[in-house]
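**Q** return atomic coordinates for the entry below.
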Amino acid sequence: MAAKNSPADEAAGEAFLITRVFDAPRDLLWKVWTQAEHLGKWFSPKGFKILAARMDFRVGGIYHYGLETPDGKPMWGKWEFREIAAPERIVLVQSFSDEKGGLTRHPMAPDWPQFMLSTMTFVAQGNKTKFTLTWTPYKATEVERRTFDAGRASMEMGWGGTLEQLIAHLAKLQS
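**A** Residues are numbered from 1 along each chain as shown. Alright, predicted model coming up:
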């Protein structure tokens, strides 16, 4: 059950959920999700170039990152960490930003939710890790929630490609 005034209280709509089992121990998967030097090597949709990655990994801290789209346009985002329970769970609010970290709207979908509540869990399964991402509009308008629901196929593709890059990064680290 969510605590009073927790981020979950202001999340609305049916969550987007991805679960994958990675061929990597939980401590390694945790490390590549929580250190900017690792995120900067794999965290982007396929075809995007990573421009910058800066991390302050603590409750209240920010991960600020810059990407370049395949057609050369910059795109910035940030995470604000709300809960950290190492190495099991991270809760954060994700938004689009500018290069300085200011809040912006999605550059290609202005009705996209301005804030997304992301919960990531890491469950050890022997030498593998079950990873689950739950993504929900946060403080969203009805229009934003409808845009989110209409974008599920695109989210599958984007997150799928991102997680494929994570698999490749993990393979390099373990070779």
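
**Q** biggest helix in the chain, by residue count?
**A** helix 152-174 (DSSP state H).

**Q** average pLDDT for that helix?
**A** Mean pLDDT, taken over the full extent of helix 152-174, equals 95.

**Q** contacts for that helix?
**A** Under the criterion Cβ atoms under 8 Å, 6 or more residues apart in numbering, residues 16, 18, 20, 22-24, 28-29, 32, 38, 41-47, 133, 135 lie in contact with helix 152-174. C-beta here means a position set from N, CA and C on the backbone, and glycine is covered the same way.

**Q** 6 Å instead, please
**A** With Cβ atoms under 6 Å, 6 or more residues apart in numbering as the test, helix 152-174 has contacts from 16, 18, 20, 24, 41-42, 45-46.

**Q** show me which of the residues you listed is closest to residue 93.
**A** Each of the contacts of helix 152-174 was checked against residue 93 using Cβ to Cβ; the closest is residue 16, at 15.0 Å.

**Q** specify the beta-bridge partners of that closest one.
**A** Following DSSP bridges, residue 16 is listed with bridge partners residue 135.

**Q** and it, what pLDDT?
**A** At residue 16, the predicted lDDT confidence score is 96.

**Q** tally of neighbours for it?
**A** 19 (other Cβ atoms under 10 Å).

**Q** my guess is it contacts residue 135, does it?
**A** Yes - counting by Cβ atoms under 6 Å, residue 16 touches residue 135, with 4.3 Å between them.

**Q** which pair of the contacts of helix 152-174 spans the longest distance?
**A** 16 and 41 (24.3 Å).

**Q** now do the buried residues in the longest helix of the chain.
**A** By neighbour count with 16 or more other Cβ atoms under 10 Å, helix 152-174 contains the buried residues 159, 162-163, 165-166, 169-170.

**Q** chain center to that helix: distance?
**A** Between the mean C-alpha location of helix 152-174 and the chain-wide mean there is a distance of 11 Å, by Cα atoms, centre = their mean, to the nearest Å.

**Q** and residue 114, backbone torsions?
**A** Torsion angles at residue 114 (phi, psi; degrees, to the nearest 10) stand at phi -70, psi -30.

**Q** how about residue 25: what's its closest non-neighbour residue?
**A** By the measure of Cβ to Cβ, 6 or more residues apart in numbering, the closest residue to residue 25 outside its immediate chain neighbours is residue 127, 5.5 Å from it.
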